[in-house]
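Asks: Predicted structure and sequence below. I'll ask about it afterward.
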Amino acid sequence: MRRLLIGSVTAVAVLLAGCSTRSGDDTPGGSSATPAVGTSPSSQADFGTLKNVCGPGNAKPSTVQGVTDKQIQVGVMSDVGFTKNSEFPDAAEVFTSWCNDAGGINGRKLAPVTHDTKLAQVRQGVLEACKSDFALVGGGSAMDSLGVADRLKCLLPSFPAQSTQTIGSDLQVLPSGAAVGYFPYAGYYTWLLKEKYPDSAQKVGIIAGDSPVSKGFMAQYKEAVGGLGGKVSYTDLYPPTGVSDWTPYAQSIKNKGVRGLTFLGDFASLAKLEQALTNIDYTLDWIDANSNAYGPAFLQLAGPALAKQHNYAELFATAPLESAADDPAVQQVIDLFKKYAPDKQVTYPVLRAFSAWLLFATSARDCAELTRKCVYENAIKQTDWTAGGLQASVDLSKTDVPSKCYSIVEATTKGWQTADFKPDSGLYRCDAPSYKYQGDYGKPATLADVGKSMSDLT
């Protein structure tokens, strides 16, 4: 349910509804609010509130896979060959360039290797990583479940930027938290249904792509909406081949009197649906466009419909890109991209990738002897992880406790903006209730599933 890497074609979007990608040339964020990125190690070692993330040292030779006295090889999973979206490789290039200029991890330079999973070749990518990488960091593949068993067999730790189907699996540390067994949008939907648009609570609709994955998401959302006091009164699916005319869907939504809509699919299709709704003069109270749509491309596609329809997205307690003027950590990412990858776009997944890289780097930095076990154990000891200010605090020592904090953005004709969701803790609101699923939606993969245990990790 962590939205991730949706492709630009409808068939892929339908298959992986609720996944996140962005395209477009505009980079959200204000002008520089922090000093320009320096060139000396001392000026580059800190990130936000995190001190001495990277720096020189006297590393010794190592027999650990992917580690020498000179470098640490890490893998970056990405569907870039299919989506043509290089967010995760870009984040890896920028972070490691910055870190290496500061001296690396105790003197060892980070050497990222992108494993292009091309949507369906996840297992091949993981098997490649199993042969040479120390860990997987700052990436994600939309069909990540295809490689989880192989990753666990070779005891490869993963610090993904985002995860879709393997949330909470062993040897995985999500910097945003796992919250296994819980609806991760409880705060967001409580705000929509009980506070912002209470008249919509009993008239919620869900449209999803016609695939097993999307249908599973639909079942989870339907249960959660009911559990939070709402009611799903309309559901529909759209075909993998796409929809030439969204007017029949718009008419059905109008006929059913739907007031709030959850859309689990690609933002291009959502934009067409909203145009159809606007053409028949029907305005919904709210649309959960999800973080898949958070970027300039959706704004361009939706166009005038944004003046009528109210689109929102929750960002998993990650600081919005538009907060750069008030959040030095977000501004620092923007500045680093200007320095190391000026032709690349800073996006929401980039911020999440940076959180993963920061978690890995600080966990590795604190190892007297660099081993997979040490890095993994250091990461799960973090009980107040904020990635230097990129996100609200998360306790990574627990995988079954949902975060109480959330942030919400709204799409307008003037661009994406912070919604009026009444933050009570800086950029975030931290009063989210917990909703634990009652249905059976599967369990995270474990080492025991592949005949391994934590005692095998070294």
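Replies: Thanks, I have it. Residues are numbered from 1 along each chain as shown.
Asks: which residues in the stretch 1-150 of the chain form helices?
Replies: 10-15, 41-44, 80-83, 87-101, 122-132, 148-153 (DSSP state H, counting those that start in this stretch).
Asks: pLDDT weak spots in this structure?
Replies: Applying pLDDT under 70 to the chain picks out residues 1-44.
Asks: how near is the residue sitting nearest the centre point of it to A276?
Replies: Taking CA atoms, centre = their mean, the centroid of the chain lies closest to Q162, which sits 4.2 Å from it. Look at Q162 and A276: by CB to CB, to the nearest Å, they are 30 Å apart. Where C-beta positions appear, they are placed from N, C-alpha and C, glycine not excepted.
Asks: ok so, going back, to Y249, which of the helices of the stretch 1-150 of the chain lies closest?
Replies: In terms of CB to CB, the element of the helices of the stretch 1-150 of the chain nearest to Y249 is helix 10-15, at 13.5 Å.
Asks: May I have the residues that are in contact with D144?
Replies: D144 makes contacts with M77, V122, P160, S163, T164, Q165, T166, as judged by CB atoms under 8 Å, 6 or more residues apart in numbering.
Asks: what's the helix or strand for the fourth one?
Replies: S163 belongs to no helix or strand when elements are defined using DSSP states H and E.
Asks: Hmm, Q172 and it touching each other?
Replies: Yes - between S163 and Q172 there is a contact at 7.0 Å, judged by CB atoms under 8 Å.
Asks: Please verify my assumption that K203 contacts V258.
Replies: Yes - look at K203 against V258 with CB under 8 Å: they come within range, at 5.6 Å.
Asks: what is in contact with these two at once?
Replies: S233, Y234.
Asks: give me the number of residues near S434?
Replies: 14 (other CB atoms under 10 Å).
Asks: Please report phi then psi for it.
Replies: phi -110, psi 130 (degrees, to the nearest 10).
Asks: can you pull the contacts of it?
Replies: Residues in contact with S434 (CB under 8 Å, 6+ apart) are Y182, A186, P402.
Asks: Go through these and say which is closest to P112.
Replies: Of all the contacts of S434, P402 has the smallest distance to P112: 30.9 Å, by CB to CB.
Asks: From K422, how far off is that closest one?
Replies: For P402 relative to K422 (CB to CB), the value is 20 Å.
Asks: Quick one: the strands in the stretch 351-458 of the chain, in order.
Replies: With DSSP state E, counting those that start in this stretch, the ranges of strands along the stretch 351-458 of the chain come out as 408-412, 415-418.
Asks: show me where the stretch 351-458 of the chain has helices.
Replies: Using DSSP H, counting those that start in this stretch, helices in the stretch 351-458 of the chain cover 372-379.
Asks: tell me the domain ranges of the chain?
Replies: 10-178+324-401, 186-315+404-418 (automatic domain parsing).
Asks: Turn the helices of the stretch 1-150 of the chain into TSV, columns for mean neighbour count.
Replies: Compiled in TSV, the helices of the stretch 1-150 of the chain are given as follows (neighbours: other CB atoms under 10 Å):
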stretch	mean neighbour count
helix 10-15	23
helix 41-44	15
helix 80-83	18
helix 87-101	24
helix 122-132	19
helix 148-153	22
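Asks: To V330, which of the ones you listed lies closest?
Replies: helix 87-101 (13.5 Å).
Asks: Give me the contacts around that closest one.
Replies: Around helix 87-101, the neighbours that count as contacts under CB under 8 Å, 6+ apart are 21-22, 37, 39, 41, 44, 53-54, 76-78, 80, 105, 109-112, 114, 137-140, 161, 333, 336-337, 339-341, 344-345, 347, 349-350, 353-354, 357-358, 361.
Asks: make it 6 Å
Replies: Residues outside helix 87-101 that contact it (CB atoms under 6 Å, 6 or more residues apart in numbering) are 44, 54, 76, 78, 109-110, 112, 114, 138-139, 336-337, 340-341, 344, 347, 349-350, 353, 357.
Asks: Now the buried members of the residues you listed.
Replies: Among the contacts of helix 87-101, the ones that count as buried by 16 or more other CB atoms under 10 Å are 44, 54, 76, 78, 109-110, 112, 114, 138-139, 336-337, 340-341, 344, 347, 349-350, 353, 357.
Asks: Quick one: mark the members of those that sit in strands.
Replies: The strands, defined by DSSP state E, take in V76, S78, K109, L110, P112, T114 from those.
Asks: Make TSV from those and add distance to N378 to it.
Replies: Below are these laid out as TSV (distance: CB to CB, whole Å):
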residue	distance to N378
V76	20
S78	25
K109	20
L110	16
P112	20
T114	25
